[in-house]
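1. I'd like to go over a predicted model; first the sequence, then the structure.
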Amino acid sequence: MITSAQMKAARSLLGIDQRQLAELAGLSLPTIQRMEASQGTIRGNVDSLVKVVEALERSGIELIGEGAISYGGGRGVRLRETARPVQE
């Protein structure tokens, strides 16, 4: 449905922090923090995931699934399938 990386990137594009996303989605800050701490696809309460996705979409974010075509026509960022993780 949504990955933690997509969630973080969406917040960055909107210029909001975790607390603001929690408010937009009607969730608690710890819930958002747990979601973003996940590896890969966020697993958990489906209702909470739907609230986050809907809040991001209401704010203008188009979540693009792997292999899906984006028809939105807006600016954005997409991770290539062959992307390599950044070494810190």
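-> Nice, I can see it. Source: prediction; values computed, not measured.
2. contacting residues around stretch 25-34?
-> Stretch 25-34 has contacts (Cβ atoms under 8 Å, 6 or more residues apart in numbering) with 18-19, 21-22, 44, 48, 51-52, 54-55. (Glycine included, C-beta is placed from N, CA and C.)
3. could you point out the longest helix in this protein?
-> helix 46-58 (DSSP state H).
4. list the buried residues of it.
-> 48-49, 51-53, 55-56 (16 or more other Cβ atoms under 10 Å).
5. A9: which of those is nearest?
-> L56 (10.2 Å; Cβ to Cβ).
6. hmm, that closest one is touching A9, no?
-> No. L56 is not in contact with A9 according to Cβ atoms under 8 Å; the separation is 10.2 Å.
7. so where is this structure shaky, pLDDT-wise?
-> 76-77, 79, 82-88 (pLDDT under 70).
8. so which residues of it form helices?
-> 4-14, 18-25, 29-37, 46-58.
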